[in-house]
Structures are given as structure tokens and as C-alpha cells.
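Colleague: below: sequence and its predicted model.
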Amino acid sequence: MPVTKVRVVSSKVPSSHIEGSNTSSVSTKGETTVTHRLYLHTKTQGLLGAFFESIGQCKRGETFRPRWNEVVGARGWCRLGIREYTKQSGPNAGKTGQSNEVTRFLPPPQPKAAPAQGWTQGAF
């Protein structure tokens, strides 16, 4: 999921939020773009930590300072889910719809260890 845009603007939350960290997801079912909002607030600190862990800027349990200039173009892992909703207005009011949403940011996979050689000293 590469992050394509980050915009910090004010909102109803006392602090700011990161507007639209666009994530592009590729799976066996196709490719999609999902817009996810991350709020810069103490109540969402865990979600922010998970996001920065997923793009490789920090590790779980460590304190960190976000490197904002490195967020755009960063790649990470997330789990997508399908959210169902009821349309409130327009010609399709009352009908249900579906949209993709980020349900969880995942830490990057651990690098695989080099395969062990089949040679042991003293063994014939």
C-alpha cells in the first residue's frame, strides 16, 4: 500500500488530522485505492503508531518522531475489510452500499533468514 497523499488540516478534533492517506491495495481480486483518515490526537496514538510501524518508521513499543517528509511514497501493510452502510440521501436513499476500509495496519514481515548450508565440519 503506497501512501500517495498526506494533508494536515484542522477538524472538529482538538488537534489536526492527516487527510487522506491514500493506500493502494493489490490482491488476487484486483487493485483498489482506499482513503483513510488518521487523526493526530492522543486518543488515536495507538493507530498512529501502528501506521508508522507498518511503513517501517518505528518499532512496537519504541518512542518515535514521525518523519513526515518520508510518508508520501512509503509502502506498508494493512488489512482491508468491507463496510456496509445505508445511503442517507439522493436517488438511492435507503439502499445499502459497500466500501473498502482499513481495518488494521500490519507490521512489515520479518526478513527471512538465509538458508542453512548442508555442510557441517567433521561430518562425512
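Modeller: On my side now, so go ahead. Residues are numbered from 1 along each chain as shown.

Colleague: where are the low-confidence patches of this protein?
Modeller: Within the chain, the stretches with pLDDT under 70 are 1-28, 113-119, 123-124.

Colleague: so where do the strands sit in it?
Modeller: 7-10, 16-27, 30-39, 77-86, 96-106 (DSSP state E).

Colleague: residue 80: neighbouring residues, count only.
Modeller: Residue 80 is flanked by 17 other residues according to other CB atoms under 10 Å. C-beta coordinates here come from the backbone N, C-alpha and C atoms, glycine included.

Colleague: right, and it touches residue 101 too?
Modeller: Yes: when contacts are counted by CB atoms under 8 Å, residue 80 is listed as touching residue 101 (7.0 Å).

Colleague: and for those two, which residues touch both?
Modeller: Here residue 80 and residue 101 have residue 34 as joint contacts, going by CB atoms under 8 Å, 6 or more residues apart in numbering.

Colleague: from residue 42, how far off is residue 58?
Modeller: Residue 58 sits 17 Å away from residue 42, taking CB to CB, to the nearest Å as the criterion.

Colleague: ok, the two, which is more surrounded?
Modeller: residue 58 (19 against 9).

Colleague: what distance do you get for the closest residue to that one other than its chain neighbours to residue 48?
Modeller: Using CB to CB, 6 or more residues apart in numbering and skipping the chain neighbours, the partner closest in space to residue 58 is residue 64 (3.7 Å). Residue 64 is 10 Å from residue 48, where distance means CB to CB.

Colleague: higher neighbour count, these two?
Modeller: Set residue 64 next to residue 48 and count neighbours by other CB under 10 Å: residue 48 wins out with 19 against 12.

Colleague: isn't that one up against residue 42?
Modeller: No: contact criterion CB under 8 Å: residue 48 and residue 42 do not qualify, at 9.8 Å.

Colleague: neighbours of residue 51, how many?
Modeller: Using other CB under 10 Å as the criterion, residue 51 is surrounded by 25 other residues.

Colleague: residue 72 too?
Modeller: Residue 72 has 13 neighbouring residues, counting by other CB under 10 Å.
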